[in-house]
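> Fold the following and give me the result.
(one chain, ligands or ions: 1)
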Amino acid sequence: MRILVLADIHSNWAALRAIDEEFDHCVFVGDLVDYGTNPLPCIDWVRRNVDAHVRGNHDHAVAQRVQATSGQGFRQLAAATRPLHWDLLDSRRMKFLGRMPVTTHFRVEETLLYLVHATPRDPMDEYLGPDEAAWSARLAGIDSDFVCVGHSHVPFCLELEGKTVLNPGSVGQPRDGDPRASYAIIEDGRPSLHRVEYDIDEAVAQLRESGVEDWVVEMSTNVWTSGGRLTREQLERYRSPR
Ligand SMILES: [Fe+2]
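All right, here's what the predicted structure looks like:
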């Protein structure tokens, strides 16, 4: 039994369709939208192929029509790409984003999965990387074999107190220095992390065609090709008021 675990697709269809894996079930732990500009095939793929899903902070913000403040770093990119989503998404797709549950369980045979985008303590917003002590403190009362999470865009797998905390990393905007699309597979109860190269040029071309400003294309290209590791000089450049 093979379960494909995906997170943080972020409207990057070039990355999502590069994942060429057979699976019996697929789960998605949130953040379908923002950053990229090709949300429609991503949403439709998830609706067709995913057995269980949860809402990410970006899904929530798009569905609730929250205007992103420009801020710094990645927030600037969300602010620049979110209005395009409101132009592109019909009410059916908007409702799908807004009605995704915040947490859910999914059972496959003997294996029980708990899905949450960020952490059980703060389901949509708390950033937590592979910190064993911090995760241990957040597993009390969670009854499952796997706790599948996303949000940090950094893949990891921790074995703690009889549970496995699994972050598959980000499909559409990795931030661990590796630009390849990231995902996980649970096969007969055993987790593994995977990467696959995708056509970043296609994602950049799609972004450019969407009509966003040149700095958005430049910053996104740097984020995608560096695996989310912008240089100090790049961060300074994008920090100037716009
Ligand atoms: Fe995300």
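> buried sites along the lengthiest helix in the chain?
When every helix of the chain is counted residue by residue (DSSP state H), the longest turns out to be helix 74-88. Within helix 74-88, the residues that count as buried by 16 or more other C-beta atoms under 10 Å are 74, 76, 77, 78, 79, 80, 81, 82, 84, 85, 88. Using the backbone N, CA and C atoms, a C-beta is placed for each residue, glycine as well.
> Now it - C-alpha only, CSV.
Taking Å, rounded to 0.1, in the frame of the first residue of the first chain, the C-alpha atoms of helix 74-88 are listed here in CSV:
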residue,chain,number,x,y,z
PHE,A,74,8.2,35.6,0.9
ARG,A,75,5.3,37.8,2.1
GLN,A,76,6.0,40.2,-0.7
LEU,A,77,5.6,37.4,-3.2
ALA,A,78,2.3,36.3,-1.7
ALA,A,79,1.1,39.9,-1.8
ALA,A,80,2.1,40.2,-5.5
THR,A,81,0.5,36.9,-6.6
ARG,A,82,-2.7,36.7,-4.5
PRO,A,83,-4.8,39.1,-6.5
LEU,A,84,-4.3,37.0,-9.6
HIS,A,85,-5.9,34.1,-7.8
TRP,A,86,-9.0,36.1,-7.2
ASP,A,87,-9.2,36.8,-10.9
LEU,A,88,-8.6,33.2,-11.9
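> Tell me the helices and strands packed up against it.
With contacts taken as 3 or more C-beta pairs under 8 Å, 6 or more residues apart in numbering; DSSP states H and E, helix 74-88 sits against helix 39-49, helix 57-63, helix 214-226.
> Can you pull the residues of this structure lying near the ion?
8, 31 (C-beta under 5 Å from the ion).
> At which residues are the strands of the protein located?
Per DSSP state E, the chain carries strands over the ranges 2-6, 25-28, 52-53, 103-108, 111-116, 146-148, 156-160, 163-167, 181-187, 190-196.
> Reformat those into TSV and put mean pLDDT, distance to residue 219 and mean neighbour count next to each item.
TSV is the format used below for these (pLDDT from 0 to 100; distance: least, C-beta to C-beta, whole Å; neighbours: other C-beta atoms under 10 Å):
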stretch	mean pLDDT	distance to residue 219	mean neighbour count
strand 2-6	98	24	24
strand 25-28	98	26	23
strand 52-53	98	29	22
strand 103-108	97	32	16
strand 111-116	97	29	22
strand 146-148	98	30	25
strand 156-160	97	26	15
strand 163-167	98	24	23
strand 181-187	98	19	23
strand 190-196	98	23	14
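> just to revisit the earlier point, can you tell which of the helices and strands packed on helix 74-88 is closest to residue 98?
Nearest to residue 98, of all the helices and strands packed on helix 74-88, is helix 57-63, at 3.3 Å by C-beta to C-beta.
> Can you list the helices and strands that that closest one packs against?
Counting contacts by 3+ C-beta pairs under 8 Å, 6+ apart, helix 57-63 is packed against helix 74-88, helix 91-99.
> which residues sit against that helix?
By C-beta atoms under 8 Å, 6 or more residues apart in numbering, the surrounding residues in contact with helix 57-63 are 10, 30-35, 55, 66, 68, 78, 82, 85-86, 89, 94-95, 97-98, 100, 117-118, 124-125, 151.
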